[in-house]
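Chemist: Model the structure of this input:
(chains A and B)
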Amino acid sequence: MNPLRDHELNLTRRQLFGRSAMGLGTATMAQLLGSELLAQTPDSPDGLHHKAKAKRVIYLFMSGGPSQHDMWDYKPKMKEMFGKDLPEHVRDGQRITGMTSRQKNLPLCPSKYEFHKQENNDQGVWVSELLPHTAKVAKELCVINSTFTEAINHDPAVTYIQTGSQIPGRPSFGSWLSYGLGRMNEDLPGYVVMHAKTNYGEQSLFSRLWGPGFLSSEHQGVLLRSQGDPVLYLNNPKGVTRTDRRAQLDALAALNESQHDRFGDPEILARIKQHEMAYRMQTSVPELMDLSNEKESTFALYGEEARQAGSFAACCLNARRLAERGVRNIQIFHRGWDAHGNLPKEHESQCKDIDQACAALITDLKERGMLEDTLVVWGGEFGRTAYCQGKLTEQNYGRDHHPRCFTTWMAGGGIKPGITYGRTDDYGYNIVQADGTPIMPQPTKDHWTPGSVHIHDLNATILHLLGIDHRKLTYRYQGRDFRLTDIHGHVIKDIIL
Amino acid sequence: MIFSILRSSTLAVGFLIPTLFAEEKVDFAREVLPILSNKCFACHGPDTKKAKELRLDSYAAATKERKGIRAIDPDDLVESELIFRIHDEDDPMPPEEDGKPLTPLEKDILTRWVKQGGQFASHWAFVPPRKEKKAPQADVIDSYIATGFTKKKTDLSFAPEADRPTLARRAALVLTGLPPEPKLLDPFLADKSDGAYERYVDALLTSPQYGEHQARYWLDAIRYGDTHGLHLDNRRGIFPFRDWVVRAFNDNLPLDDFITWQLAGDLLPNPTVTQKIATGFVRMNPTTSEGGAIAAEFQAKNNFDRTETLGTVMLGMTFTCARCHTHKYDPITHEDYYSLLAFFNSTAESPLDGNKYDHGPAMKAPANPDEWKLLKENEAKKTAIAELEKSLTTTTLIAQELPKPRVTKILQRGEYHSPIGDPLTPGVPAVMSPFPDDAPRNRLGLAQWLTSDDQPLVPRVLVNRVWQRVFGYGLVRTPEDFGLQGEQATHPELLDWLAVELREKDWDLKHMMRLMVTSRTFRQSSRRRAELDDPENRLFARGPGFRLDAEVIRDIGLWSSGLLDPTMGGEGVKPYQPVGLWKALMHPASNTKNYVQDKGAKLYRRSLYVYWKRTSPHPMMTLFDAPNRESSCVKRSRTSTALQSLALFNETQRIEMGRKLAERIVQIEGDDKARLDRLYKLLACRPALEREQAACLGLLTAMKKRYADATDEAQALLSTGEAPLNESLDPIELAAWTQVVTTVLASDVALSLF
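Modeler: Reported below is the predicted structural model:
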């Protein structure tokens, strides 16, 4: 490429982003604020609004609602209450779903699993036997038992936590980040989404969860797939080699330059640049997916499943490899956590899918010196009920959806390691203060109840760690400056280093 | 007070400017109101709750004495508190912490406005459009555009007219979404007589492809999908509605009827089957039947969606804010929102869809063009509906009223379980023109209000979107927002003229299309003008140029390669799609978890008919900026991404198109240059230019050489796609040409309007 073309392409980039064809949606916020370098320079230390503690985020999303009762939120007193009805004063008129609202009673259902107290950097944290590996990295985790939401069904709840609204139409969390931060690697997408395999797929995902909403569609998440081409349409068709493609792209550039000379549309030059990036992706993505240079110790750490494309372990390993290559924004969706019945069987399988890999990811990042600036987030869209859905026995039970409290954990990226945050009552039903007084928090613009973490608070905190003020990352659509956190959200300072 | 103002040095600047231009009359609606809305209304706007607090949204409120002070003091305008506070350095308004300081120009405008009397006027979009008395009598569009030029630069004029092939291609793509058929193009290029272009445009307007293309914009706006959209995202019986939209555009159904039938076809006296099919519009909101979903919650959510979509699509207004509280910027109260919602609250369907295809009320509807033809004949003969339905073989969702309306109340903070106040009568925001006295308080009355003569928003909003699809950008650049926070029209008089013209000509869309497409403005060359700094073409001093939409890009490939199946309507079709895309997302109980690719002709239907699964639309659509149709989209983004490049070169159908188009040109022409000209004639309506020839023939030579040594590779390339291969052609030559054609199909001549 000659220097003049290079210069022209650079100009074009600025024209494109600065005064784009369809308005500001094409530009990233970083570019709008003039910190274009941020979006272009790998490992820029600065954040968009303040110094970022995390350069990238790996979000492990457990779709369906993992049971905090059986994994994280230890309730020893429940043992004595086996089968007794949930007291009215605990429920306090809160709504429950149509699936259990017609049950004659709501029998309390203690977890059948043993919990062990793990040492952390605070008072210790109780972790269930379902998570033996994760328990070993307890010193890195900030375990939040007081996450809550208002949505009580999957579709609205997962849409809520990922887009800030229960009704479809808003940009996804990842698209906001893409819009806010741009990308660090020019040869890979800036926002990558993976779907991990599960034995229990009774859950739906929706492209809106990584979709751009009303932002420019370049901010949509790029699926990294385990079936077919890892990135859609990555591979050349049969009978076309890389040399052939080079020749095609050279001819294409000549055609487009001719068209550009005739019409002067700078978008044409922008497209030439994207064709070149696509060409580079055709080597950078296979390089990413090629695990042959990973040491045996990697598979000892993540487990042998990491060799099977599409397993949660493989996704976690990919996540680390993406992070190493400067991809900022990585999400893994793992379905199958919606245990209305047969919870033990299902959750044992689900936990087996994720436990070792979660721990491995954290250990691996730490060993590589990347944990301190990589934020890892684990959680679902809501929790599960203290009472049983369907038939309750000591060995088998189910749990309905419970939005009023659930467990999320975070690690790295500026999060205080080895702490717990927030507590729930003896039933794991309501969030309470230290003295046991229930907190009935509402997501409000101006008030926040210490100890509670609304999903808007969670998102505000994640953005904060990435150097973004959630109140300032806005996009004007229909006359309103929209935000991921709508009009809500408080950064939970107590859990930040 | 004056003394304190003059103490501040920065302020002196801000204060001196106005005195220099004090004579220049400020236009409240155009200049002042946007500032008040953007910078002041968050605290002093229509939603200000406490009676004691200052409101700046009316003259009465702004001049009201509060603790001896008036924001606007009619007795001593210069001493008005408003002027003082916006210039107060120590305690400025708006407060610094709000992060929205006034610019010097804004302070100047507000100051001049107050000094000139501080009078209020309605927001421009709420005032019914009028044709100016001095409106030009002919070539109205061009006259108004030319007036815009002279405001910018006295000697600025139109760009030269685009060459004929370019113009022919442009008009065809804008009207039909396809390049012109040679049988239409060649006579036009040969016809040098007066009116040749107008005749060509008229022919395009009567092509059935016109309706297909125009329908697509409407389907984006009203979020048409073939699935329910939430949770299981099961199949939904609604495609007859889509086919009706296509037919309505082709029949040029007046837009007022188009609106009325969709909103309230069922409430018309003795409604026809066709009118009832049109009410599928009311049922278009995404729905769910997720286990445990609470019916009352989704009754509310479904209605929010309908109300807000109506606001965006018809009124160009966002109602969403008013779901929870009175709008901060626009004069829509909390009660207005729920009064409008009340029109939709009494439809008969259950709020939970049961995951059913025919979630009732539903009715029999035509499944294909033959049944539509039969239906039309029967309706002309006034055949009884029961009799007529026997000939219809599919089902479509429709709207129906409950015998007894549901009670609608305001929902506090938009929470379905927190109704407050008295039951509401269905009604509309009065500021946007009054509800007609004689109209019923139901969806039919709502339609009458939307199409009434003094409705200020609907014709402007509709005609703006028509302009947007013809010229690439609207006259109002925020087609989704005509409210106080939206952009103002670049050519307000023209917008108003067009809005009135639409209504006066009985809502005749083809008439409006013709006006626009035959204008000199449209016919200009789209070449960027070096002398103008106008990247967004706000002056319209060049012709339209932009990347085409996903559907058009695909359709051009199908059409030029001869693959396009012209069959209209019917169940959505499923062309090639990478394996497992749906399965990776879907619940095992969903009946859309498996993508079963079609075979034969259905692979090659126009993209309008591609099956639209809302939670996972076809990637060749979404990669090229199509919305997911879960919510309204009245303006698509236009991006250039690396993923598009991969798709253009590697997707099965793109390779198949390349091969079939290669077969086509190799068969009909003998030498490579003539073949290339044929290719460019199809895609650009003209022969290849010298540089294009050099690039393509260079690539062709290289590819012939490369495949000559690798026949198996050539065969492999030619085996892509299910369309049969013409075995009589030399595989090496065909493979080489396939590579060239695929490249040209990925180049700007096949992707853009220019």
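Chemist: Quickly note the distance from the most centrally placed residue in chain A to B:W261.
Modeler: Residue closest to the mean C-alpha point of chain A, counted by C-alpha atoms, centre = their mean, is A:Y59 at 2.8 Å. A:Y59 is 46 Å from B:W261, where distance means C-beta to C-beta, to the nearest Å. (Glycine included, C-beta is placed from N, CA and C.)
Chemist: near chain B, which residues of the stretch 251-400 of chain A show up?
Modeler: A:251-252, A:254-260, A:262-268, A:270-271, A:273-275, A:277-279, A:281-282, A:340, A:400 (C-beta under 8 Å from any C-beta of the partner chain).
Chemist: what about 10 Å?
Modeler: By the rule C-beta under 10 Å from any C-beta of the partner chain, the part of the stretch 251-400 of chain A lying against chain B is A:251-282, A:285, A:310, A:333, A:335, A:338, A:340, A:389, A:400.
Chemist: Buried members of the residues you listed into ChimeraX, please.
Modeler: Buried residues within these, by 16 or more other C-beta atoms under 10 Å in any protein chain shown, are selected in ChimeraX with:
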select /A:251,252,253,254,255,256,257,258,259,260,262,263,264,265,266,267,268,269,270,271,272,273,274,275,276,277,278,279,281,282,285,310,333,335,338,340,389,400
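Chemist: circling back: can I take it that the residue nearest to the centre of chain A is in a strand?
Modeler: Yes. Looking at A:Y59 with DSSP: H, G, I helix; E, B strand; the rest coil, it is inside a strand.
Chemist: which ones are touching it?
Modeler: A:Y59 is in contact with A:162, A:173-174, A:177, A:193, A:319, A:329-333, A:375-379, A:410, A:462, counting by C-beta atoms under 10 Å, 6 or more residues apart in numbering or on different chains.
Chemist: what about 6 Å?
Modeler: A:331, A:377 (C-beta atoms under 6 Å, 6 or more residues apart in numbering or on different chains).
Chemist: ok, now how distant is it from chain B?
Modeler: Between A:Y59 and chain B the distance is 17 Å, computed by C-beta to the nearest C-beta, to the nearest Å.
Chemist: For that residue, list each beta-bridge partner.
Modeler: The partner list for A:Y59 in beta bridges (DSSP bridges) reads A:Q331, A:V377.
Chemist: where does it land on pLDDT?
Modeler: Listed pLDDT for A:Y59 reads 98.
Chemist: What of the one 10 residues further on?
Modeler: pLDDT, A:H69: 98.
Chemist: likewise B:G195?
Modeler: Per-residue confidence (pLDDT) for B:G195: 96.
Chemist: what residues does stretch B:274-282 touch?
Modeler: B:238, B:240-241, B:244, B:261-262, B:265-266, B:268, B:365, B:396-399.
Chemist: can you pick the most crowded of those?
Modeler: Each of the contacts of stretch B:274-282 was scored for neighbours by other C-beta atoms under 10 Å in any protein chain shown, and B:P240 scores highest at 31 neighbours.
Chemist: which residues touch the residue nearest to that residue when sequence neighbours are not counted?
Modeler: Nearest residue to B:P240 in three dimensions, chain neighbours excluded: B:A365, at 3.7 Å (C-beta to C-beta, 6 or more residues apart in numbering or on different chains). By C-beta under 6 Å, 6+ apart, the contact list for B:A365 reads B:240, B:277, B:392, B:394, B:396.
Chemist: beta partners of B:A365?
Modeler: B:T394.
Chemist: gap between it and A:R208?
Modeler: Distance of B:A365 to A:R208, computed by C-beta to C-beta: 29 Å.
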